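>>> Pasting a predicted model and its sequence here:
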Amino acid sequence: MDIKERLNKVFKDVFDDDSLEINETMTAEDVDMWDSLMHITLIVAIEREFGIKFNTSDVNSLENVGSLIEKIKERS
Amino acid sequence: MDFLKLKKNLKKDFSKFQIVKIAILGDNATQLFAQALKGYGYEISINFDIFEADYNQIDLQIFDRSSEFYKFKPEFAVLACSSQKLLKKFYKLNDVQKAVFASEQINKIESEVKTILDNHPCRVIYFNYTESDDNIYGNYSNKVKESWLYQIRKINLDLMNLSQDICNLFINDICSLQHQYGRRFVHDAKFYVNADMVFSVDSLPIIAKNVTDIVLAVNGKLKKCLILDLDNLLWGGVIGDDGVNGIELGDLGIGKVFVELQEWIKQLKDRGIILAVCSKNDEDNAKEPFEKHPDMVLKLDDIAVFVSNWENKSENIKHIQAVLNIGFDSMVFLDDNPFEREIVHSFIPDISIPDLPEDPSEYLDFIKSCNFFETASHSSNDSNRTKQYQQEAKRKGIQKNFANEDEFLASLGMQSDVKEFDEFTIPRIAQLTQRSNQFNLRTIRYSEDDIRRISESKDHHGLSFTLEDKFGDYGLISVVILENRGKELFVDTWIMSCRVLKRGVEKFVFNQVLKYAQTNGCQRIVGEYIPTAKNSIAKNLYEDLGFSCESGYWYVDVKGSDMKANLIKHNVNCI
């Protein structure tokens, strides 16, 4: 499974929505319930899935799913 | 348990669960904690109705009597203040002020807590503070009164003292949790910086559980009994194969593990937890270490019910339950064998059975971390409980020799002390209201403060009853709280320990209530039975005593009511 597929699995789990399909240009605006609280839950779930730790400044600098994938690669 | 799982619970159906109203006031971001708490409630069948104050509004909510907080009428007020905020305050002070920081802070906390309790009767759950050194002085901070470490530790100690003075103040021991799980686990710096969350997402389920443990204990959901397997739990090896000299205990093999586990269990027993043994062994074999092994900490005297045979363990545990007459949900079963755990769990789902680690040296830390034995009260009476159950076993043996029950009861020479509530009995009375689930007519829970208020109230009259017979002393076993409502005397509370069922105690108690009604000019006595899942045993009490039912309440006229015959002697010395 590549990073995007694994990340999609985390999204489905966190947003509790099996039909959710992510793409690189997707932002918080595009996903129902993706607010600041959900963002924290999401970040923690991604950290767990990939066994990584984001930096403090990473958390707010992620513009879209594409940059999230890049950040995961960088921190892996 | 992870946060996401709890969060998913939020979508589930809570409608059948008991509602508990809880208000959260914090000086940090508490939204995710509130979600964890709500979600954890689902796991234990509680529907938390949560009011979350806006960020950093603690004093605004507490000191304004018309605030949303008071309008919400919480049963529990959770005050979640953080070390981080406190440290900021501390750094603004000069050395003279720093040296008295803890005292100032405790005064502030005391005034907050007392204001809440004065304005609205509830329980306050206060988060104590994580004790992390700021390393301004290094280890030397222990020698410096003006150091952060000294002051924060003093605050935590003073909080303990404050909670001992204020019955309705409970401490959520965040500091112990941090010791247990570690700073790195409990705190996630990036969410502290980005979202002002002082607790990591991963630690929220544990904190939610800790708060809920307090709520459950206050509401009377307590563990009362610990059931123990023997082989490879209380000692290493198999007694039937290895013999009393071959089991690992004391200096032999990893015997230290089992000695320390037993020492801990003994402390529980001394605190009032009933111990039982359930083992697959021949009884003589199973008892031999208790009688002969020099390193056994637990003795047969410590065990209220000892069952050792080759039957199914779930049947044996049902037998233990029948002798002790307490609910399965108040029992914990320890067994090293996953197969036995699974069988007992499948037949008795209500009993708590921790999945012990494989390595016995990890048993004790693991069991401690489960925090099974949270309590909301403590009295000296607790430690006698094992003796009382053993006396009960003797009574049951003798009873068989009598032709009828009255003859047996007459032979017991029962005596009862009848007393108004006093300083000595108030803790035990509050505890009875919190713990009794079965013979409890209205199941109203009272704290020690509540009971003290009742004992001082002109409109209320409280009576406590002890029972003693030739086999031993049961201690304080029944409580009534009567409320004068003009010509009517309302029975607000009537509780009796199930250990004294079928002794005629309820008739004896009724006679005292009737006597009080007569001397105080009441025309009738009014009772109410509020059914719960557990108190059906008391369902027919009023009917059996000759009350008649009218739209949910039970009435009996004082005039024309007779004293009910019973075989209990009123100990006249004490009233």
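Noted; the coordinates are in hand.

>>> Give me the residue ranges of chain B where confidence is low.
Scanning chain B for pLDDT under 70 picks out B:380-384, B:393-394, B:396-401, B:403, B:572-575.

>>> let's see 80
Low-confidence segments of chain B, defined by pLDDT under 80: B:379-405, B:408, B:471-472, B:498-499, B:572-575.

>>> And the residue of it closest to chain A?
Residue of chain B nearest chain A, by CB to the nearest CB: B:K190 (3.9 Å). (C-beta placed from N, C-alpha, C; glycine too.)

>>> Surely that residue and A:V59 touch.
Yes - at 5.7 Å, B:K190 counts as touching A:V59 under the criterion of CB atoms under 8 Å.

>>> The two - which one has more neighbours?
B:K190 (20 against 17; other CB atoms under 10 Å in any protein chain shown).

>>> how about the nearest residue to that one, chain neighbours excluded?
The shortest distance from B:K190 to any non-neighbouring residue, by CB to CB, 6 or more residues apart in numbering or on different chains, is to A:T56 (3.9 Å).

>>> Could you check the pLDDT of that neighbour?
On pLDDT, A:T56 comes in at 92.

>>> now B:H461, what's its secondary structure?
Three-state secondary structure (criterion: DSSP: H, G, I helix; E, B strand; the rest coil) places B:H461 in strand.

>>> what sits against it?
By CB atoms under 8 Å, 6 or more residues apart in numbering or on different chains, the contact set of B:H461 is B:420, B:481-484, B:516.

>>> Please repeat the previous calculation with a cut-off of 10 Å.
With contact set as CB atoms under 10 Å, 6 or more residues apart in numbering or on different chains, B:H461 has these partners: B:420-421, B:454-455, B:480-484, B:489, B:492, B:513, B:516-517, B:520.

>>> which of these count as buried?
For the contacts of B:H461, a burial check counting by 16 or more other CB atoms under 10 Å in any protein chain shown picks out B:421, B:454-455, B:480-484, B:489, B:492, B:513, B:516-517.

>>> Pick out the residue of chain A closest to chain B.
A:T56 (3.9 Å).

>>> That residue: how many residues sit nearby?
Per other CB under 10 Å, the neighbour tally for A:T56 reads 14.

>>> Please apply the same query to the one 4 residues further on.
Burial of A:N60, expressed as a neighbour count using other CB under 10 Å, amounts to 12.

>>> Next, count neighbours for the nearest residue to it once chain neighbours are set aside.
Once flanking residues are discounted, A:N60 sits nearest to B:N194: 6.1 Å by CB to CB, 6+ apart. When counting by other CB under 10 Å, one arrives at 19 neighbours for B:N194.

>>> what's B:N194 sitting at in phi/psi?
Torsion angles at B:N194 (phi, psi; degrees, to the nearest 10) stand at phi -80, psi -30.

>>> pretty sure B:A77 is touching B:L117, no?
Yes - if you go by CB atoms under 10 Å, B:A77 and B:L117 touch, sitting 9.0 Å apart.

>>> Poorly predicted segments of chain A, please.
Low-confidence segments of chain A, defined by pLDDT under 80: A:1.

>>> Now do the contacts for residue 43.
Going with chain A. A:14, A:54, A:58-59, A:62, A:68, B:188, B:190-191, B:194, B:201.

>>> Can you look at chain B instead?
B:E43 makes contact with B:1, B:5-6, B:9, B:205, B:208-209, B:212, according to CB under 10 Å, 6+ apart.

>>> which of B:A77 and B:L117 has more neighbours?
Remark: of B:A77 and B:L117, B:A77 carries more neighbours, 29 against 19, as counted by other CB under 10 Å.

>>> on that earlier part again, point out the ones among the contacts of B:H461 that are inside strands.
Taking DSSP state E as the definition of strands, these contribute B:420, B:480-484, B:489, B:492.

>>> any idea which of the contacts of B:E43 is the one closest to B:Y555?
B:T212 (39.8 Å; CB to CB).

>>> What sits closest to the closest one if chain neighbours are left out?
Distance criterion CB to CB, 6+ apart; nearest residue to B:T212, sequence neighbours excluded, is B:Y40 at 5.7 Å.

>>> my guess is B:G253 meets B:G236, correct?
Yes - counting by CB under 10 Å, B:G253 touches B:G236, with 5.5 Å between them.

>>> Common neighbours of those two, please.
By CB under 10 Å, 6+ apart, the residues touching both B:G253 and B:G236 are B:246-247.

>>> Those two: which is more packed in?
Remark: of B:G253 and B:G236, B:G236 carries more neighbours, 20 against 15, as counted by other CB under 10 Å.

>>> Skipping adjacent residues, who's closest to that one in space?
Closest residue in space to B:G236, ignoring its immediate chain neighbours: B:E248 at 2.8 Å, by CB to CB, 6+ apart.

>>> and B:L226, that's in a helix?
No - applying three-state DSSP, one finds B:L226 to be strand, outside a helix.

>>> Run a quick neighbour tally on it.
For B:L226, using other CB under 10 Å, the count is 21.

>>> Correct me if wrong: it contacts B:A276.
Yes - at 7.3 Å, B:L226 counts as touching B:A276 under the criterion of CB under 10 Å.

>>> Can you check which residues contact both of those two?
B:331, B:333.

>>> show me what contacts the residue nearest to B:K190?
With CB under 10 Å, 6+ apart, A:T56 has these contacts: B:188-194.
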